[in-house]
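J.: please find the sequence and the predicted model below.
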Amino acid sequence: MKIIALGSPGVGKGTYATEIVKRYNILHISTGQIFRDNIKAATDLGKKAKSYIDAGKLVPDEVTIEMVKDRLKQEDCKNGFLLDGFPRTIPQANALATFSDIDMVINFKADHEIIIQRLSGRRICRKCGTTFHIVNIKTKIEGVCDVCGGETYQRDDDKPESIKERLKVYEQQTSPLIGYYQEKGLLREITINEDFGASKESIMARIFNLIDAN
Ligand SMILES: [Zn+2]
């Protein structure tokens, strides 16, 4: 099973990905992790990537593509994988098609108001960095971290205006990919508007049904 997971900020993709890889016994491949592993092991590609990152530049497609290609060739990917964070662009998608046959692309969606509600409720401790949520993971005392007693605050990134902007940018960047995979008949979409904490099992059942129906 070879899956690509797409999803905007605040949609909960990471959590669903974790459950999917467990159930289908496949590997969760995130580009962030591939980068860190290559840089840590100081591979040729890792050194190349690091030189761009250190210079404050974007790592070019060709380096990212080579790293992913290299990773997917390894033995532990034989049973399949879930790709997270790749491809991001049409050239990356075209390159991927030359070295791997993807079974499906799952686009996790949620209404914008719901994403804004979720993300804007997030609070972070200034001292220890623990994340809370004013509805889902409340602190015992409002504004005070349960772990260390520090003050909790809302990141600028989590303010409704910034979230709207992030969603807009995400959609602009991703819509070509969505169209690309739709045309290939690989796109599956699922809208998750319910609160994850309250209905995790039913959400996961819907996702597994979608995958099993493939
Ligand atoms: Zn704290």
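T.: Good, I have the coordinates.

J.: just list what the longest helix anywhere in the chain packs against, helices and strands only.
T.: Criterion DSSP state H: the longest helix present in the chain is helix 160-183. Applying 3 or more Cβ pairs under 8 Å, 6 or more residues apart in numbering; DSSP states H and E, one finds that helix 160-183 makes contact with strand 2-7, helix 90-99, helix 112-120. (Glycine included, C-beta is placed from N, CA and C.)

J.: what residues does it touch?
T.: For helix 160-183, the external contacting residues (Cβ atoms under 8 Å, 6 or more residues apart in numbering) are 4, 6, 8-10, 87-90, 93, 105, 107, 112, 115-116, 119-120, 156-157, 187.

J.: how about the residues of the protein by the ion?
T.: By Cβ under 5 Å from the ion, the residues of the chain that approach the ion are Cys125, Lys127, Cys128, Thr130, Cys145, Val147, Cys148, Gly150.

J.: and the residue nearest to the fourth one when sequence neighbours are not counted, how many neighbours?
T.: Spatial nearest neighbour of Thr130, excluding adjacent residues (Cβ to Cβ, 6 or more residues apart in numbering): Val147 at 4.9 Å. The tally of other residues near Val147 (other Cβ atoms under 10 Å) stands at 12.

J.: for the residue of the chain positioned farthest from its centre, name its beta-bridge partners.
T.: Distance from the C-alpha centroid of the chain, by Cα atoms, centre = their mean, peaks at Ile141 (31.3 Å). Taking DSSP bridges, one finds Val144 as the beta-bridge partners of Ile141.
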